[in-house]
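Enquirer: sequence unavailable; structure follows:
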Ligand SMILES: Nc1ncnc2c1ncn2[C@@H]1O[C@H](COP(=O)(O)OP(=O)(O)OP(=O)(O)O)[C@@H](O)[C@H]1O
């Protein structure tokens, strides 16, 4: 099994632990490799086994002297459950990472998850950026997300669990084909990986290299807190990629409609939260705020052609001089 640990270069690690196949294996792999970490688990209370999974997490934490963070919540309905669960999960992780000064969030995503996502996006209509979603290393807010098992298949992970007699839980909702993800998993990704694991891994590697070459063309001229200013690449495709990635770090995903609108209107507020403006040679991305601005500053913002939706944030944070210096 290929375990990628090169990016873990700190003691401040938090493992997202669900008690399932992948995170149970990862717990013991990290222990084996003497990597220091704590764990976080969310109980959505939609399956009766979830209490036992939390007990298992507590048991492991106690035995191996780990701090454990538990969030107990009640998700009201199954509709759009995966999205709701993900939002709750990352809200909880964001809070823990910030409050306890963790630097890396470690998740147990693996190759089957990556192929499943790829195929789901592929059948929806997607470009390289959307197809490749599970990278070994990514960034969110002020922290890193690391996926050490992303090159290992479920089959390899199960073999590791068996060889080491490690307990884990099987989430029965994984068989429920009403979840689109499970439909893809059962009918396509698992079968393809059984037969073509090495080729699939190589293809992901080539595609990721292509994506890295594209990323080299992206130039960020200013990053201050949540304000980012990039050079306009004059290539719609690449500009959207820049915007997409920045929004992803902020926990937002651009819809097809929004993506077309940004390119058409050049100025847009996404989900009432983030302002995106493509103005001449630059792309501005920052939180969208509303507040009166003093008249003389308003004038200065206008003269310097600062995008309307970005003005308040730049004013509030005293970034105007820095922005002017950068764009002149
Ligand atoms: N309830 C949860 N609490 C904490 N972390 C979770 C939870 N559910 C998922 N994760 C994290 O997100 C990753 C991907 O989620 P996914 O739904 O694919 O995993 P899973 O099948 O529920 O669990 P596992 O990865 O342990 O088999 C998990 O590997 C785990 O690191």
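Expert: That came through, no problem. Bear in mind that the values here come from a model prediction, so they are computed numbers and not experimental data.
Enquirer: residues touching the residue of the stretch 51-200 of the chain found nearest the ligand, list them.
Expert: In the stretch 51-200 of the chain, the residue that lies nearest the ligand is residue 108 (3.1 Å; Cβ to the nearest ligand atom). (Glycine included, C-beta is placed from N, CA and C.) Counting by Cβ atoms under 8 Å, 6 or more residues apart in numbering, residue 108 makes contact with 15-18, 20, 22-23, 25-26, 147-149.
Enquirer: which one of those sits closest to residue 163?
Expert: residue 25 (10.4 Å; Cβ to Cβ).
Enquirer: secondary structure element holding that closest one?
Expert: Using DSSP states H and E, residue 25 sits within helix 21-32.
Enquirer: equivalent analysis for residue 264, please.
Expert: Per DSSP H and E: helix 256-265 holds residue 264.
Enquirer: tell me the mean pLDDT over the helix or strand following the helix holding residue 25?
Expert: Next in sequence after helix 21-32, counting helices and strands by DSSP H and E, comes strand 38-43. The average pLDDT within strand 38-43 is 97.
Enquirer: show me the contacts for whatever residue of the chain ends up closest to the ligand.
Expert: Relative to the ligand, the nearest point of the chain is residue 20 (2.6 Å; Cβ to the nearest ligand atom). Residue 20 makes contact with 53, 108, 168-171, according to Cβ under 8 Å, 6+ apart.
Enquirer: in JSON lines: these, plus pLDDT.
Expert: Below are the contacts of residue 20 laid out as JSON lines (pLDDT from 0 to 100):
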{"residue": "53", "pLDDT": "96"}
{"residue": "108", "pLDDT": "98"}
{"residue": "168", "pLDDT": "97"}
{"residue": "169", "pLDDT": "95"}
{"residue": "170", "pLDDT": "91"}
{"residue": "171", "pLDDT": "80"}
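Enquirer: now these: which count as buried?
Expert: Neighbour counting with 16 or more other Cβ atoms under 10 Å marks 53, 108, 168-169 as buried within the contacts of residue 20.
Enquirer: and the longest helix seen in the chain, how far out from the chain's middle?
Expert: As assigned by DSSP state H, the longest helix anywhere in the chain is helix 190-215. Centroid displacement of helix 190-215 relative to its chain, using Cα atoms, centre = their mean, to the nearest Å, is 19 Å.
Enquirer: go on, stretch 35-43?
Expert: Distance, centroid of stretch 35-43 to centroid of chain: 17 Å (Cα atoms, centre = their mean).
Enquirer: so who does residue 189 touch?
Expert: 112, 115-116, 119 are the contacts of residue 189 under Cβ under 8 Å, 6+ apart.
Enquirer: try it again with 10 Å
Expert: Neighbouring residues of residue 189 by Cβ atoms under 10 Å, 6 or more residues apart in numbering: 111-120, 153-154, 181, 200.
Enquirer: one more: residue 151?
Expert: 1-4, 110-111, 114, 136, 197, 201, 204-205.
Enquirer: ok, now residue 27?
Expert: 15, 17, 19, 37, 39, 57, 60-61, 64, 66, 106, 108, 166, 168.
Enquirer: can you pick the most crowded of those residues?
Expert: Among the contacts of residue 27, residue 17 has the most neighbours (other Cβ atoms under 10 Å), with 29 neighbours.
Enquirer: just want the phi and psi numbers for it.
Expert: phi -110, psi 120 (degrees, to the nearest 10).
Enquirer: so how far is residue 150 from it?
Expert: Per Cβ to Cβ, to the nearest Å, residue 17 is found 17 Å from residue 150.
Enquirer: list of residues touching the helix or strand of the chain with the lowest mean pLDDT?
Expert: Every helix and strand in the chain was compared by mean pLDDT, DSSP states H and E; the lowest is helix 128-131, with a mean of 85. Defining contact as Cβ under 10 Å, 6+ apart, one finds that helix 128-131 is touched by 114, 117-122, 124, 204, 207-208, 210-211, 214-215, 237-238, 240-241, 244-245, 248, 253-254.
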